[in-house]
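> Fold the following.
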Amino acid sequence: MYNELGIRDEVVNLVNESDKELKNIFNSIDELCDYNSLRVLSSFHKFEVSEACFNSTTGYGYNDLGRDTIEKIFADIFGCEDALVRSQFISGSHALTVCLFGLLRPGDTLLSICGKPYDTLDEVIGIVPNNSSLMSFGVNYAQIDLLNNDFDYDKIREYITNNKVKVIEIQRSKGYSTRKSLTIDKVEKVIKFIKEIDSNIIIMIDNCYCEFVSNREPVAVGADIMVGSLIKNLGGGIAPNGAYIAGRHDLVELCAERLTLPGEGREVGPSLGINKQILQGLFMAPSVVASALKTAILTSHVLEKLGYDVEPKFNELRADIVQNIIFRDSNLLIEFTRGIQQASPIDSNAIVEAWDMPGYTDKVVMAAGAFTQGSSIELSCDGPIREPYIAYMQGALTYNYGKLGLMKAVDRIYK
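Have a look, this model is predicted:
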């Protein structure tokens, strides 16, 4: 059956055995999928989604029924006042940048309390010098590292007691770091802690890779604003681009005026025919995220059996869809990534090589044979060529395809 992909029998048996051993965990993911599917469907009904919402606008994009309905649905699902959901966002990093520039002014301080943010924000913030960075406009930046994979409460208290902080940024997913991703319970606890010290601090959450992984989202546990990408979880593998910003109405309005222009804000921005894909992607998202979670758990179980360090472990509580495999060998990292590419539906014949990607300081190896360029809700695997040589695997539109991808990747490194 698996001969078409050239996978050896030992690997097939290993993966299938793990699949059978994980049934109870997979059942709990199915229950989560049921819950999140109900949230989405109820919101579609509440705002009376109709075929008219699929209509496209061009030019300025005035009076776009579908676009405005989508934003109401996103706000409702997240339990917040408002949302900005636009194809004009080219990525999650772009939406984060718009949010930061929308909220911060010269002299303000941005504080990250989970260490250095993802590599693509280095030049946005000014950690890597750039004449268009926040620092170049006079915005101050500070960071507090995590302590034992949790927030360093003592240092947070000390810093915000002695310094005026405008925005605190929390990146839930680990990015290209070795720390654990942050669960919604940890986020809720630290938000409550911060607000008791200074209720005026704006708490901004980078929620990329984390939507629908639990039954709650950051704004529902006290965050002021959150950001995510539509070519990750909430796009369901259907949205071709875009991102969202959701939270307090006044903050979303500031971001809208930064995305477009002051005085027009969210009133402009044509949908250009993307509304149907965003709605259909959101409709499919709970199921697709469930498939990605199952694929990640199966990967963790199989690779640990083979003697590799993995994070998280297969039976740990998850905060996102990302699975780490710590290879400690650049060749193993590259070979595993090549296996994922070979099992991809698009460009399966491409040979993955490390290269200098825009926005990254290290060479990056990336398997992304996806229908949408850069989509990481589709099965993908990437990692920087730096010690300890970690593969960051995520996504899978269906569990079946995710399982096949894992088999091919394991076959590349087997013995």
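> Can you list the residue ranges for strands in the stretch 1-150 of the chain?
For the stretch 1-150 of the chain, applying DSSP state E, counting those that start in this stretch gives strands covering 82-86, 109-112, 140-143.
> Which stretch among those approaches residue 65 most closely?
The minimum distance between residue 65 and the strands of the stretch 1-150 of the chain falls on strand 82-86, with 13.7 Å, by CB to CB. C-betas here are computed from N, CA, C, even on glycine.
> Now do the closest one: which elements does it pack against?
For strand 82-86, the packing partners by 3 or more CB pairs under 8 Å, 6 or more residues apart in numbering; DSSP states H and E come out as helix 65-78, strand 243-247, helix 249-259.
> all strands for the stretch 151-300 of the chain, in order.
Taking DSSP E, counting those that start in this stretch as the criterion, the stretch 151-300 of the chain carries its strands at 167-171, 202-206, 225-229, 243-247.
> okay if I get those as a markdown table plus mean pLDDT?
Shown next, in a markdown table, are these (pLDDT from 0 to 100):
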| stretch | mean pLDDT |
| --- | --- |
| strand 167-171 | 98 |
| strand 202-206 | 98 |
| strand 225-229 | 98 |
| strand 243-247 | 98 |
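> Dump those strands to TSV, plus distance to residue 185 and mean neighbour count.
Rendered in TSV, the data for those read as follows (distance: least, CB to CB, whole Å; neighbours: other CB atoms under 10 Å):
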stretch	distance to residue 185	mean neighbour count
strand 167-171	13	24
strand 202-206	14	25
strand 225-229	16	28
strand 243-247	20	28
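> and residue 270, how many residues sit next to it?
Using other CB atoms under 10 Å as the criterion, residue 270 is surrounded by 18 other residues.
> sorry, that was for residue 20
The burial count assigned to residue 20 is 7, neighbours taken as other CB under 10 Å.
> any idea how far the top helix by length along the chain is from the chain center?
Criterion DSSP state H: the longest helix present in the chain is helix 275-305. With CA atoms, centre = their mean, to the nearest Å as the basis, the distance from the averaged C-alpha position of helix 275-305 to the chain average is 12 Å.
> which strands and helices sit next to it?
In this structure, helix 275-305 packs against helix 9-21, helix 23-46, helix 65-78, strand 309-311, strand 323-326, strand 390-394, helix 399-413, with contacts taken as 3+ CB pairs under 8 Å, 6+ apart.
> Could you list the low-pLDDT ranges of the stretch 1-150 of the chain?
In the predicted model, the stretch 1-150 of the chain carries pLDDT under 70 at residues 1, 3.
> one more time with 90, if that's ok
Across the stretch 1-150 of the chain, residues meeting the criterion (pLDDT under 90) sit at 1-6, 119.
> re earlier: quick one: average pLDDT of the longest helix of the chain?
The average pLDDT within helix 275-305 is 98.
> How about it, which residues are buried there?
Within helix 275-305, the residues that count as buried by 16 or more other CB atoms under 10 Å are 275-279, 281-303, 305.
> burial of the residue lying closest to residue 107 once chain neighbours are set aside, as a residue count?
Nearest residue to residue 107 in three dimensions, chain neighbours excluded: residue 138, at 5.9 Å (CB to CB, 6 or more residues apart in numbering). Residue 138: 11 surrounding residues under other CB under 10 Å.
> same check, this time on residue 159
Residues within reach of residue 159, counting by other CB under 10 Å, total 18.
> for residue 393, same thing?
Close neighbours of residue 393, defined as other CB under 10 Å, add up to 31.
> what sits against it?
296, 299, 322-325, 340, 379-381, 409 (CB atoms under 8 Å, 6 or more residues apart in numbering).
> For residue 198, state which of these is nearest.
Among the contacts of residue 393, and counting by CB to CB, the member closest to residue 198 is residue 322, at 31.4 Å.
> Need the pLDDT of the closest one.
According to the model's per-residue confidence, residue 322 sits at a pLDDT of 97.
> how many neighbours does the residue lying closest to it once chain neighbours are set aside have?
With CB to CB, 6+ apart as the measure, residue 394 is the residue that lies nearest to residue 322, at 4.7 Å, once sequence neighbours are left out. Residue 394: 26 surrounding residues under other CB under 10 Å.
> I'd like the distance between residue 394 and residue 166.
Residue 394 sits 32 Å away from residue 166, going by CB to CB, to the nearest Å.
> How about residue 210?
24 Å.
> what do you get for residue 411?
Taking CB to CB as the measure, residue 411 and residue 166 are separated by 51 Å.
> which of the two has more neighbours?
Counted by other CB under 10 Å, residue 411 and residue 166 do not tie: residue 411 has more neighbours, with 22 against 17.
> Residue 400 is nearest to which of the strands of the stretch 151-300 of the chain?
Distance to residue 400, taken as CB to CB, is lowest for strand 225-229 among the strands of the stretch 151-300 of the chain, at 24.4 Å.
> quick revisit: looking at the contacts of residue 393, which one is closest to residue 109?
Distance to residue 109 across the contacts of residue 393 (CB to CB) is lowest for residue 322, with 29.2 Å.
> Show the contacting residues for that closest one.
Taking CB under 8 Å, 6+ apart as the definition of contact, the neighbours of residue 322 are 173-174, 181, 209, 296, 392-394.
> make it 10 Å
173-175, 181, 208-210, 213, 292, 296, 311-312, 376, 392-395 (CB atoms under 10 Å, 6 or more residues apart in numbering).
> Mark which of those residues are buried, thanks.
Members of the contacts of residue 322 that pass the buried threshold by neighbour count (16+ other CB under 10 Å) are listed as 173-175, 181, 208-210, 213, 292, 296, 311-312, 376, 392-395.
> Specify the local secondary structure of the residue nearest to residue 346 when sequence neighbours are not counted.
Spatial nearest neighbour of residue 346, excluding adjacent residues (CB to CB, 6+ apart): residue 369 at 4.5 Å. When the structure is split into helix, strand and coil by DSSP: H, G, I helix; E, B strand; the rest coil, residue 369 lands in coil.
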